[in-house]
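Peer 1: need coordinates for the following:
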Amino acid sequence: MNTQFPDRLLATKEDAIEAKAFVDLHRLSSLPLREKEHFDCLAIDEGCAISLPDAPAIGLNRILGLASLRQLDQAFDWMEHKAGNRFLQLNVDAAPDDVKNWVRAKDLQEHGPGWAKLGYCPASRCVAPPARVHTRVVAVNEATLFGAMMCEGFNFPQSLISLWSAIVGKKGWSCFFALDAETPIGTGAMFVSGEYAWLGGGTTRPEFRNRGVQKALIQARTECGVAQGVSTFVVETEVPSIGKPGISHENLRKMGFEQLYNRQNFRL
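Peer 2: Take a look at the predicted model:
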């Protein structure tokens with residue numbers, strides 16, 4: 001039973017902060033990048049639809065944070081004209097029957113194990129032990145390195161380095177490196193709006209995995225967020241499945257995050 005996050009029909013605030021982060025990512029991106037990569041975003045109430053066809057990740061080619069038929073129709077009509085892979089993310093357990101019927105009528109098929117949404121309320125948790133891996137804030141003059149590491153970690157083309165570079169040092173965003181001595185080996189980003197924060201951009205260079213990098217970056221961001229008045233942190237990771245250990249999910253739980261709900265991915 002979820003003890004820190006009360007039951008609700010739709011976890012709009014937890015999805016809304018994530019959608020707001022991606023809307024802001026698009027806002028900060030350069031016009032040449034948008035035109036060259038056909039990068040587009042449509043904000044709809046507290047959710048959005050986002051399209052970046054050359055990005056292999058679901059996160060940049062999806063509809064999220066929407067639950068009414070009006071919102072879904074608007075997003076679907078917009079997304080139909082976009083190239084590349086396209087997805088709808090939906091908390092099926094909380095969705096009303098008319099939305100479930102809409103998904104069936106569109107003949108949308110489930111794709112993969114889905115995403116788990118986790119949340120963390122620092123006031124209700126014990127302080128985590130100090131991380132073994134050092135971290136620091138990314139300097140503005142290191143924005144290109146940060147973007148390059150993000151692209152490497154997510155298997156994005158180098159043409160998208162400027163996408164992630166654009167958030168470094170910008171209002172609402174905090175970007176971190178994990179370090180081996182003084183060498184950056186991992187990345188993490190946080191977007192803050194009011195008392196909510198979204199964590200994303202977590203990558204580790206392959207040769208430095210299994211050393212506590214992810215935990216250190218989680219700790220660095222939550223400490224930074226608390227200093228800014230954040231009371232609720234949210235993050236997403238793939239739902240653990242048989243034969244595929246959920247290392248990221250396990251690390252988040254060890255750091256005090258609670259499972260809130262799962263979102264299924266439907267291919268459009």
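
Peer 1: all strands of the stretch 51-200 of the chain, in order?
Peer 2: Along the stretch 51-200 of the chain, the stretches classed as strands by DSSP state E, counting those that start in this stretch are 61-64, 87-90, 109-110, 115-120, 134-137, 173-180, 183-193, 196-204.

Peer 1: what's the closest of those strands to Ala19?
Peer 2: Nearest to Ala19, of all the strands of the stretch 51-200 of the chain, is strand 61-64, at 5.6 Å by C-beta to C-beta. Heads up, the C-betas are built off the backbone N, CA and C, glycines and all.

Peer 1: buried ones in the closest one?
Peer 2: For strand 61-64, a neighbour-count test (16 or more other C-beta atoms under 10 Å) marks Asn61, Arg62, Ile63, Leu64 as buried.

Peer 1: low-confidence ranges in the stretch 101-250 of the chain?
Peer 2: By pLDDT under 70, the low-scoring segments of the stretch 101-250 of the chain are 124-131, 245.

Peer 1: closest to Glu14 out of the strands of the stretch 51-200 of the chain?
Peer 2: Of those, nearest to Glu14 by C-beta to C-beta is strand 115-120, at 5.9 Å.

Peer 1: what lines up beside the closest one in the sheet?
Peer 2: In the sheet, strand 115-120 lines up against strand 232-238 (antiparallel), strand 258-267 (antiparallel) (DSSP bridges).

Peer 1: any chance of a markdown table for the ones you listed, columns mean neighbour count and distance to Ser30?
Peer 2: As requested, the strands paired with strand 115-120 are arranged in a markdown table below (neighbours: other C-beta atoms under 10 Å; distance: least, C-beta to C-beta, whole Å):
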| stretch | mean neighbour count | distance to Ser30 |
| --- | --- | --- |
| strand 232-238 | 22 | 26 |
| strand 258-267 | 19 | 29 |
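
Peer 1: gap between the spatially most central residue of the chain and Glu236?
Peer 2: Centroid-nearest residue in the chain: Gly200, 4.5 Å away (criterion: C-alpha atoms, centre = their mean). Gly200 is 8 Å from Glu236, where distance means C-beta to C-beta, to the nearest Å.

Peer 1: what's the answer for Trp78, then?
Peer 2: From Trp78 across to Glu236, the span is 22 Å (C-beta to C-beta).

Peer 1: and Val230, by the same measure?
Peer 2: Applying C-beta to C-beta, the value for Val230 to Glu236 is 17 Å.

Peer 1: mean confidence score for stretch 92-99?
Peer 2: If you average the pLDDT over stretch 92-99, you get 92.

Peer 1: how about it: buried residues?
Peer 2: Buried positions in stretch 92-99, judged by neighbour count with 16+ other C-beta under 10 Å: Ala95, Val99.

Peer 1: end-to-end on that stretch?
Peer 2: 9 Å (C-alpha to C-alpha, to the nearest Å).

Peer 1: again with stretch 79-88
Peer 2: Start and end residues of stretch 79-88 are separated by 10 Å (C-alpha to C-alpha).

Peer 1: got it, and stretch 102-114?
Peer 2: Distance across stretch 102-114, first residue to last, is 19 Å (C-alpha to C-alpha).

Peer 1: got it, and stretch 187-207?
Peer 2: One end of stretch 187-207 sits 14 Å from the other (C-alpha to C-alpha).

Peer 1: now do the buried residues in it.
Peer 2: Quick answer for stretch 187-207 (16+ other C-beta under 10 Å): 187-192, 196-205.

Peer 1: now the two most distant members of the residues you listed.
Peer 2: By the measure C-beta to C-beta, Tyr196 and Arg205 form the most distant pair in the buried residues of stretch 187-207, at 29.6 Å.

Peer 1: tell me the contacts of Leu42?
Peer 2: Going by C-beta atoms under 8 Å, 6 or more residues apart in numbering, Leu42 touches Cys48, Ala49, Ile50, Gln74, Ala75, Trp78.

Peer 1: the first one contacts Asn61, doesn't it?
Peer 2: No - Cys48 is beyond contact range of Asn61, at 12.0 Å (criterion: C-beta atoms under 8 Å).

Peer 1: ok, back up a step: got CSV for the strands paired with strand 115-120, with distance to Thr222 too?
Peer 2: What follows is these, written out as CSV (distance: least, C-beta to C-beta, whole Å):
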stretch, distance to Thr222
strand 232-238, 6
strand 258-267, 13
